[in-house]
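Asks: after the sequence you'll find the predicted model.
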Amino acid sequence: MSSDARILVVDDKQSFCFMIKGYLEDAGYQVACAAGGHEALAELEQDNFDLILSDMVMPGMDGLALLRQVRSRQSQLPFVLVTAHGSVDSAVAAMKEGADDYLLKPLNRDELLLVVERLLEQARLRVSYNLMLDTEREKFSFQQITSISPAMGKTLAAARQVAASPRTTVSLYGESGAGKEVLARAIHVASGLSMTCFVAVNCAAIPETLLESELFGHVKGAFTGADSERAGKCSRARGGTLFLDEIGDMPLSLQPKLLRLLEERVYEKVGADSPLPADFRIIVATHRNLDEYCEQGIFRRDLYHRLNIFPIVIPPLRDRREDIPQLAEQFLNSLRKHQGKALPGLSQAALDQLLAYDWPGNVRELRNLLEHASIVTNGDLIQPEHLSLQQQPSPGQAEPFNDRISLNFNFSPEDFSLDAVNRQIMDWALAQCSNNKSSAARLLKASRKLFY
């Protein structure tokens, strides 16, 4: 076995130090020895170590005292205590002080090497995990949201304000693809919360019969097929943020339970009798007009008011076209990194097309379009022919984004019916949205379920 790991062995008995040093060096580790706690601290000031193996009973500064000193400086450094005076009490004391493991003399060589290898591997995984979290935190910070638009500037200012209040419920309103989840993650990161505690749930993507269990979890035997207990998204979000996307599509039957969660800060697993604390922030997002949904009886008015404590509106991309050049360059830089090749920039003609386009899919559509363009280009600047833009409406064609929509359908008397009119309207909506059913449903202000 070969390793670059450096290990510090601390014991007042020189013979024991030399024996342990031999075991570890034979296994490929680099080893230094210290005759006591004070000498060990001096070594730590001069060099970096990956693990400490220390005797418990030593004159001057014993192993527990050394452990306390090390933990005050390097909280994650693996630390193993060794003693010939093993007892349950000393083992408990060692673990309470933060020891990673506890061994008794005389040491078994194989057991020692197994403990050292396990703790070093855990430390390596912890470092990798923390680096990943740091990368995710940087990726989703406010600094990564590119905008020079005054409208988007107001949105970001409001988001930064509410980030300082990690218990406040936030509602994000904006069209599909405008960046609601990106903004929710930025609020979460700015609140100082761990990236592992951001849990997203798409209320429109989970069947109504499963959504309650997905959110709250269930106990064994709660329903047919519940063969074991399950922790829901609320449990995973503990200490962080629960992000409920497409909240307008939450079933009416489940809305009272969400209201109770918001008002009483508790929830219950399906089939359970005792409530659990809801110690997390809730951020909801929707592209729908919840006020209209309340008028139609689709959404509870009391829940709407409870969610609307801090509403934030994200402007669509067509209302902040000045952001398009910067967003395009940001996406191209990201694609260069992930595709591992030198991607070209945009020609002026291509940029002009991007600026003139209405962006029904918003920022998400821009990124997807540039990814496609970066693949089909031959290394030159991205030209208009590389952009797979949706066909803009021609003169005289119905325009879904104007203030008024004029439809002209012709039927023979025998073909005329309510079903036929509905079919014509849906066909028209699909034509406006390039056969994208979700976009067509939004255009008709209908739920996806009703549209299908």
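Replies: All right, it came through fine.

Asks: where exactly do the helices run in the stretch 101-250 of the chain?
Replies: For the stretch 101-250 of the chain, applying DSSP state H, counting those that start in this stretch gives helices covering 109-139, 150-163, 180-190, 208-216, 233-236.

Asks: most tightly packed of those helices?
Replies: helix 180-190 (a mean of 23; mean count of other Cβ atoms under 10 Å). C-betas here are computed from N, CA, C, even on glycine.

Asks: send the alpha carbons of stretch 111-119 over as PDB?
Replies: Extracted in PDB, the C-alpha atoms of stretch 111-119 (Å, rounded to 0.1, in the frame of the first residue of the first chain):
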ATOM      1  CA  GLU A 111      -6.500  -3.500  13.500                       C
ATOM      2  CA  LEU A 112      -4.300  -0.300  13.600                       C
ATOM      3  CA  LEU A 113      -3.800  -0.200   9.900                       C
ATOM      4  CA  LEU A 114      -7.500  -0.800   9.200                       C
ATOM      5  CA  VAL A 115      -8.500   2.100  11.500                       C
ATOM      6  CA  VAL A 116      -5.900   4.400   9.900                       C
ATOM      7  CA  GLU A 117      -7.000   3.500   6.400                       C
ATOM      8  CA  ARG A 118     -10.700   4.000   7.200                       C
ATOM      9  CA  LEU A 119     -10.200   7.400   8.800                       C
END
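
Asks: any idea how far that stretch is from the chain center?
Replies: Centroid separation for stretch 111-119 versus its chain: 34 Å, with Cα atoms, centre = their mean, to the nearest Å.

Asks: for the protein, give me the ranges with low pLDDT.
Replies: Applying pLDDT under 70 to the chain flags residues 1-3, 85-88, 133, 195-196, 341, 390-406, 408-412, 414, 434, 447-452.

Asks: residue 39: neighbouring residues, count only.
Replies: By other Cβ atoms under 10 Å, the residues close to residue 39 number 17.

Asks: what about it, distance to residue 106?
Replies: 24 Å (Cβ to Cβ, to the nearest Å).

Asks: kindly report the same for residue 154.
Replies: Relative to residue 106, residue 154 is positioned 70 Å away (Cβ to Cβ).

Asks: what about residue 8, which helix or strand?
Replies: Assigned by DSSP states H and E, residue 8 belongs to strand 6-10.

Asks: so what strands line up beside that strand?
Replies: Using DSSP bridges, the strands paired with strand 6-10 are strand 30-34 (parallel), strand 51-55 (parallel).

Asks: what's near enough to touch residue 307?
Replies: 169, 171, 247, 262, 282, 284, 290 (Cβ atoms under 8 Å, 6 or more residues apart in numbering).

Asks: from these, which land in strands?
Replies: 171, 282, 284 (DSSP state E).

Asks: of the residues you listed, which is the most crowded?
Replies: In terms of neighbour count, residue 284 stands highest of the ones in strands among the contacts of residue 307 at 28 neighbours, by other Cβ under 10 Å.

Asks: still on that earlier bit, make a markdown table from the helices of the stretch 101-250 of the chain and add distance to residue 73 to it.
Replies: Converted to a markdown table, the helices of the stretch 101-250 of the chain look like this (distance: least, Cβ to Cβ, whole Å):
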| stretch | distance to residue 73 |
| --- | --- |
| helix 109-139 | 16 |
| helix 150-163 | 31 |
| helix 180-190 | 28 |
| helix 208-216 | 42 |
| helix 233-236 | 33 |
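
Asks: picking up where we left off before, determine which stretch of the strands paired with strand 6-10 is the most buried.
Replies: Of these, strand 51-55 is the most buried (mean count of other Cβ under 10 Å), at a mean of 25.

Asks: closest to the mean position in this structure, which residue would that be?
Replies: residue 198 (4.8 Å; Cα atoms, centre = their mean).

Asks: so residue 35 touches residue 9, yeah?
Replies: No - in this structure, residue 35 is not within contact of residue 9 by Cβ atoms under 8 Å, at 10.2 Å.

Asks: same drill for the two, tell me which one is more crowded.
Replies: residue 9 (24 against 16).

Asks: per-domain residue ranges of this structure.
Replies: 6-134, 140-315, 318-386, 394-452 (automatic domain parsing).

Asks: picking up where we left off before, the residue nearest to the centre of the chain reaches residue 239, doesn't it?
Replies: No - applying Cβ under 8 Å as the test, residue 198 and residue 239 come out as separate, 10.7 Å apart.

Asks: with that, I have no additional questions.
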